[in-house]
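Visitor: predicted model and sequence follow; I will ask about them next.
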Amino acid sequence: MTQSTKTEYLDRPPVGWFVLDVFRKEARRWDWVALMIDVHPDDFRAHRANPKEPERYVNIPGRHRNRDAAWDALEEILATRH
């Protein structure tokens with residue numbers, strides 16, 4: 001028997017979480033998401049052995065042609081949140 005997990009997408013980044021990467025939500029689309037974790041990326045390897053929270057996917061609002069544009073939009077969201 002296989003266990004399936006549903007991917008959860010958040011509309012806002014969790015406070016205090018860190019971005020690992022951004023990538024397209026679907027192939028050949030302009031919608032992007034950020035993969036976020038609850039520990040600093042330097043400590044990520046130790047975190048994987050004993051996670052407090054699972055990683056989260058956060059929708060990046062708007063349509064972006066490339067990864068750089070998606071990162072810029074995400075940085076704006078993170079900057080205005082603080």
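Guide: Happy to help now that I have it. Numbers count the residues shown, from 1 in each chain.
Visitor: low-confidence ranges, the chain, go.
Guide: 1-6, 47-52, 81-82 (pLDDT under 70).
Visitor: which strand or helix spans the nearest residue to residue 13 once chain neighbours are set aside?
Guide: Spatial nearest neighbour of residue 13, excluding adjacent residues (C-beta to C-beta, 6 or more residues apart in numbering): residue 58 at 4.9 Å. Using the backbone N, CA and C atoms, a C-beta is placed for each residue, glycine as well. Taking DSSP states H and E as the definition, residue 58 sits inside strand 56-60.
Visitor: and that strand, how far out from the chain's middle?
Guide: Distance of strand 56-60 from its chain centroid, counting by C-alpha atoms, centre = their mean, to the nearest Å, is 4 Å.
Visitor: can you pull the contacts of the residue nearest to residue 13?
Guide: Residue 58 makes contact with 9, 10, 11, 12, 13, 14, 33, 34, 36, 74 under the criterion C-beta atoms under 8 Å, 6 or more residues apart in numbering.
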